[in-house]
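Trainee: I would like the atomic coordinates for the input below:
(one chain, ligands or ions: 1)
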Amino acid sequence: MPSANPWEWSEPEWRHMTGRARAGRSLRPSGWPGGARCCVTLSFDADHETIPLRDVDESPMRISQGQYGNRQGVPRIRALLDRHDIRASFFYPAVSALLHPEEIRAVAQEGHEIGVHSWIHETNTKLPPGVERELTLRAADTLEKLSGQRPVGIRTASWDFSVDTLSIIREMGLLYDSSLMADDDAYELIDQNEPTGIVELPPEWIRDDAPYFNFVRFSALRPYTAPSAVEEIFRAEFDGAYDEGGMFLLTMHPHIIGHRSRIAMLDRLVAHMKSRPGVWFATHAQVAAWCKAQAG
Ligand SMILES: [Zn+2]
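Mentor: Here you go, the predicted structure:
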């Protein structure tokens, strides 16, 4: 174990720490399918009730906020995606899928992607040794059984990618991860200078609904940003991706984005993106496969 004092670390120690799950070569392709100039990939982390459960909080109030994601959030999202003829990626904690098996089955049947998102939204970096592996493997099997679709991608809960996560992903033979943030565009993960072949599709809190809207009653966390302000940020992020010919990846949560004022904002954002010529809308799995194949 390295010393608790960073200034005492040897060069091999800090090089080892920064060498884990590091960004390798860029996988930004020179072009997108059908001659499109940019790609848009939308994801919905269907956490539902697992956030309070992860916090060991049995409060029916907080759990009901999660259930809103199932009752109103996902139906509104599915209707919006259907209206715009877009396929998206849905990341499920296994417990959320077990609570709502009819939901995950319907989402998969509509052609959306199902991805791994922990067992019960646990915090990977706080788990005892070996537990993350067991939970991740069990979560993937559970999602496959419930949805009929074998996940090829993972998004760690709260993007809490641990020092063990990359080896678990490699063992599972997954195509991609979407938790790390070293770029705007896809890149290959390297493990202590060794290329892994695993595609990273980087998210960022700047392109996430939660930091702008999430409200926790018994904490100081009360942003409740106006949807128009968030729309301005998301739009500028998309416009930049469009100008550069890159990827626009947006992370949302049904219990957050599903509210009336916010789903209307998402609808306007999608309309804006569709108004620009040459935008390829695809699932994370489709984007990762394209970027990997183009890079050779
Ligand atoms: Zn989540």
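
Trainee: interface residues of the stretch 101-250 of the chain facing the ion?
Mentor: The stretch 101-250 of the chain comes close to the ion at residues Ala157, as judged by C-beta under 5 Å from the ion. The way it works is simple: take the backbone N, C-alpha and C, and place the C-beta from them, glycine included.

Trainee: tell me which residue in the stretch 101-250 of the chain sits closest to the ion.
Mentor: Closest residue of the stretch 101-250 of the chain to the ion, C-beta to the ion: Ala157 (5.0 Å).

Trainee: list the contacts for that residue?
Mentor: Contact partners of Ala157, counting by C-beta atoms under 8 Å, 6 or more residues apart in numbering, are Asp47, Arg54, Pro93, His117, Ser118, His121, Glu122, Thr123, Asn124.

Trainee: and if we set it to 10 Å?
Mentor: 45, 47, 50-51, 54, 91, 93, 116-124, 135, 139, 179 (C-beta atoms under 10 Å, 6 or more residues apart in numbering).

Trainee: same question, Gly69
Mentor: Gly69 neighbours (C-beta under 10 Å, 6+ apart): 44-51, 77, 96, 100, 103, 253-258.

Trainee: same deal with Glu232?
Mentor: Contacts of Glu232 (C-beta under 10 Å, 6+ apart): Ala226.

Trainee: for whichever strand or helix holds it, which residues meet the burial criterion?
Mentor: Per DSSP states H and E: Glu232 is located in helix 227-244. Using 16 or more other C-beta atoms under 10 Å as the test for burial, helix 227-244 gives Pro227, Val230, Glu231, Phe234, Glu237, Phe238, Ala241, Tyr242.

Trainee: and the nearest residue to the fifth one once chain neighbours are set aside, how far from Arg105?
Mentor: What it means is Glu237. Spatially, and ignoring its direct neighbours in sequence, Glu237 is nearest to Arg207 (5.5 Å; C-beta to C-beta, 6 or more residues apart in numbering). From Arg207 across to Arg105, the span is 28 Å (C-beta to C-beta, to the nearest Å).

Trainee: which of the two has more neighbours?
Mentor: Arg207 (20 against 16; other C-beta atoms under 10 Å).

Trainee: neighbours around Leu175, how many?
Mentor: Leu175: 18 neighbours (other C-beta under 10 Å).

Trainee: in contact with it, which residues?
Mentor: Applying C-beta under 10 Å, 6+ apart, the residues near Leu175 are 151-154, 169, 197-199, 201, 284-285, 288-289, 292.

Trainee: state the distance from the closest residue to it other than its chain neighbours to Asp177.
Mentor: Distance criterion C-beta to C-beta, 6+ apart; nearest residue to Leu175, sequence neighbours excluded, is Val152 at 4.3 Å. Distance, Val152 to Asp177, by C-beta to C-beta: 11 Å.

Trainee: which neighbours do these two share?
Mentor: Gly115, Val116, His284, Ala288.

Trainee: export these as TSV, with columns for pLDDT and secondary structure.
Mentor: Shown next, in TSV, are the shared contacts of Val152 and Asp177 (pLDDT from 0 to 100; DSSP: H, G, I helix; E, B strand; the rest coil):
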residue	pLDDT	secondary structure
Gly115	98	strand
Val116	98	strand
His284	98	helix
Ala288	98	helix
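
Trainee: and these as CSV, adding distance to Glu13 and neighbour count?
Mentor: Shown next, in CSV, are those (distance: C-beta to C-beta, whole Å; neighbours: other C-beta atoms under 10 Å):
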residue, distance to Glu13, neighbour count
Gly115, 34, 27
Val116, 31, 28
His284, 34, 30
Ala288, 32, 26
